[in-house]
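A.B. asks: Predicted model follows, preceded by the sequence.
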Amino acid sequence: MHRIPAGRYRHTELPHGALESTRAAASPADAAAEPVAKPAVLLHHGITLSSASFAVLNANESLAYVLADAGFDVWMANSRGNTFSWQHEDGAQAMRDPRYWRVSMDEIALSDLPAQLDRVLSTSRTRRAAFVGHSQGSALLMALLSERPEYNDRVSVAAQLGPVTFVKEMAAPFLVGGVTNKVDQILKRLAWVDPMPTRATAPVLAGACRRWPTGGSCAKGMAYSFYGPSVHMTPDDYVEIGSVWPAGVASRNLEHWAQMMRREGEPRLTKYDFGNNCTQREAALEGVAHPFYESCNAAEYGAQHADAPPEYDLSKVTAPLALFEGGLDVLATAADVGRLKKALRPGVVVYEQLYPTYNHVDFVFARNALHKGDLAEVLMRYAPRSF
């Protein structure tokens with residue numbers, strides 16, 4: 001994680017394999033244990049992104065700095081599998097072990113996120129913190145609050161920016177094409193654990209693309225294939241963003257979403273599907289199976305879930321939710337966000353705002369974006385009286 005303001009520290013209390021926690025130094029002293037008399041907010045990025053998505057713009061336009069200037073103790077989380085995973089305490093060698101990358105959305109939501117949230121609460125010495133999730137970041141909190149309902153009381157309000165929870169109507173060209181052609185299965189069989197590392201893509205997007213006669217058009221084209229068009233970002237913005245995106249992602253995390261997109265019938269937010277061939281688990285225990293075929297649904301979730309993984313029960317979410325939606329969002333489409341609203345208890349959604357010209361990443365990358373002031377107002381309205 002990163003924090004604004006304060007000094008630098010390494011967080012070693014997260015579950016083994018989770019990200020070390022660092023933040024940019026504001027002073028030589030390590031003030032990590034010092035509380036800040038401000039309401040705390042934890043920001044969580046989307047898939048293929050990192051905490052850098054909240055800080056890549058200048059200090060007047062990056063969401064993290066805007067919220068800090070508005071009076072918040074700002075924390076930014078990172079998911080296992082992104083750029084900051086390479087600061088793992090066991091070093092780069094651990095990162096080359098396929099076992100490290102056996103992380104779906106479940107491990108991030110149910111193991112890493114509660115540890116991150118607990119760290120925010122204990123360090124800031126507050127009973128509740130606000131949460132801002134972008135894209136998959138929204139789904140992570142939904143999974144945690146449904147699986148461990150006690151965390152509902154630790155969240156003052158959850159602002160969901162472009163909330164990706166159901167993906168029945170997702171229309172992002174690259175992602176839909178990858179799912180249709182089962183690219184996730186190819187990666188799985190090849191044990192290609194990190195298909196989009198920043199160290200490989202950044203030199204292209206922020207280097208070669210910058211020298212093209214067409215300016216940032218090549219970076220813009222790649223971003224378009226993932227997130228659709230934006231009327232709020234310039235070609236130069238895409239080159240700047242290309243220095244931090246894609247930020248890497250565990251291939252199993254991608255596969256988890258692909259499973260839910262391919263599933264027939266009514267869309268559901270489910271746990272990772274290990275399949276129903278339990279002989280693969282026995283082989284894995286003998287050390288002879290493919291690294292990713294280590295289990296089956298019956299072994300992981302019980303015999304009643306042998307044919308399909310369990311579903312996250314969103315009716316257990318009771319923390320106040322604020323939904324920020326984009327009219328041009330091809331990942332969190334209006335139809336899928338509508339399904340999310342129907343799955344929630346009445347009264348849980350306390351705020352809704354549609355930004356007709358926003359695409360999916362305008363919530364983090366658009367300059368002078370209108371939603372930032374709206375977001376700060378909502379977070380402050382639900383901030384606990386005693387920080």
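C.D. replies: Everything's here; your move.
A.B. asks: where in the stretch 201-350 of the chain is pLDDT low?
C.D. replies: Applying pLDDT under 70 to the predicted model, the residue ranges of the stretch 201-350 of the chain that meet it are 201-226, 235, 239, 280-294.
A.B. asks: Tell me where it has strands.
C.D. replies: 321-326, 349-355 (DSSP state E, counting those that start in this stretch).
A.B. asks: among the ones you listed, which is nearest T126?
C.D. replies: strand 321-326 (19.0 Å; CB to CB). To be clear about C-beta, it is placed using only N, CA and C from the backbone, and glycine gets the same treatment.
A.B. asks: Check which helices and strands that closest one sits against.
C.D. replies: If you count contacts as 3 or more CB pairs under 8 Å, 6 or more residues apart in numbering; DSSP states H and E, strand 321-326 packs onto strand 155-161, helix 334-343, strand 349-355, helix 362-365, helix 371-381.
A.B. asks: wait, which of these is closest to A250?
C.D. replies: For A250, the closest of those is helix 362-365, at 20.6 Å, according to CB to CB.
A.B. asks: Now G137: closest residue in space, sequence neighbours ignored.
C.D. replies: Nearest residue to G137, sequence neighbours excluded (CB to CB, 6 or more residues apart in numbering): H44, at 3.4 Å.
A.B. asks: residues touching the one you found, list them.
C.D. replies: Going by CB atoms under 8 Å, 6 or more residues apart in numbering, H44 touches 76-77, 79, 113, 131-134, 137, 140-141.
A.B. asks: Looking at these, which one is closest to G327?
C.D. replies: Nearest to G327 among the contacts of H44, with distances taken as CB to CB, is H134, at 16.6 Å.
A.B. asks: Look up the pLDDT of that closest one for me, please.
C.D. replies: Note on H134: pLDDT of 97.
A.B. asks: wait, isn't it in contact with S53?
C.D. replies: Yes. When contacts are counted by CB atoms under 8 Å, H134 is listed as touching S53 (7.2 Å).
A.B. asks: Which neighbours do these two have in common?
C.D. replies: Shared between the contact lists of H134 and S53 (criterion: CB under 8 Å, 6+ apart) are residues 45-46, 364.
A.B. asks: and the least confident of the contacts of H44?
C.D. replies: The lowest pLDDT within the contacts of H44 belongs to S79, which sits at 90.
A.B. asks: For it, which non-adjacent residue is closest in space?
C.D. replies: For S79, the closest residue by CB to CB, 6+ apart turns out to be I108, at 5.0 Å.
A.B. asks: who's in contact with the one you found?
C.D. replies: Contacts for I108 (CB under 8 Å, 6+ apart) come out as 79-80, 140, 253.
A.B. asks: Which of those residues ranks first by neighbour count?
C.D. replies: Ranked by the number of neighbours (other CB atoms under 10 Å), the contacts of I108 place S79 first, at 33 neighbours.
A.B. asks: My guess is that residue contacts D112. True?
C.D. replies: Yes. Judged on CB under 8 Å, S79 makes contact with D112 at a distance of 7.1 Å.
A.B. asks: which secondary structure elements does the helix or strand T123 falls within contact?
C.D. replies: T123 is part of helix 113-124, with elements assigned from DSSP states H and E. In terms of contacts (3+ CB pairs under 8 Å, 6+ apart), helix 113-124 is packed against strand 40-44, strand 73-76, strand 129-134, helix 136-147.
A.B. asks: quick one: buried residues of that helix?
C.D. replies: Buried residues in helix 113-124, defined by neighbour count with 16 or more other CB atoms under 10 Å: 113-117, 119-121, 123-124.
A.B. asks: With respect to A308, which of the residues you listed is nearest?
C.D. replies: Proximity of the buried residues of helix 113-124 to A308, judged by CB to CB, is greatest for L113, which lies at 24.0 Å.
A.B. asks: Please name the residues that touch the closest one.
C.D. replies: Residues in contact with L113 (CB under 8 Å, 6+ apart) are 44, 77, 140-141, 144.
A.B. asks: any idea how far Q136 is from it?
C.D. replies: According to CB to CB, to the nearest Å, L113 and Q136 sit 11 Å apart.
A.B. asks: Let me know the pLDDT of the nearest residue to I241 once chain neighbours are set aside.
C.D. replies: Leaving aside its sequence neighbours, I241 sits nearest to F365 (CB to CB, 6+ apart; 5.5 Å). You'll see F365 listed with a pLDDT of 91.
A.B. asks: ok, now L57?
C.D. replies: The predicted local confidence for L57 comes out at a pLDDT of 86.
A.B. asks: Would you list the phi and psi of the nearest residue to E300 once chain neighbours are set aside?
C.D. replies: Closest residue to E300 apart from its sequence neighbours, by CB to CB, 6+ apart: F274 at 5.4 Å. Per-residue torsions, F274: phi -90, psi -10 (degrees, to the nearest 10).
A.B. asks: residues contacting Y151?
C.D. replies: Contacts were defined as CB under 8 Å, 6+ apart; by that measure Y151 touches 114, 117, 144-145, 319.
A.B. asks: Just flag the most distant two among the residues you listed.
C.D. replies: Using CB to CB, the contacts of Y151 reach their maximum pairwise distance at P114 and A319, which is 13.5 Å.
A.B. asks: what about D153, how many neighbours?
C.D. replies: Taking other CB under 10 Å as the neighbour definition, D153 ends up with a count of 11.
A.B. asks: do P229 as well
C.D. replies: Taking other CB under 10 Å as the definition, P229 ends up with a neighbour count of 11.
A.B. asks: my guess is it contacts L328, does it?
C.D. replies: Yes. With contacts counted by CB under 8 Å, P229 reaches L328, the gap being 6.9 Å.
A.B. asks: quick one on the thing from earlier: highest mean neighbour count out of the strands of the stretch 201-350 of the chain?
C.D. replies: Using mean count of other CB atoms under 10 Å, the stretch among these with the greatest mean number of neighbours is strand 321-326 (a mean of 25).
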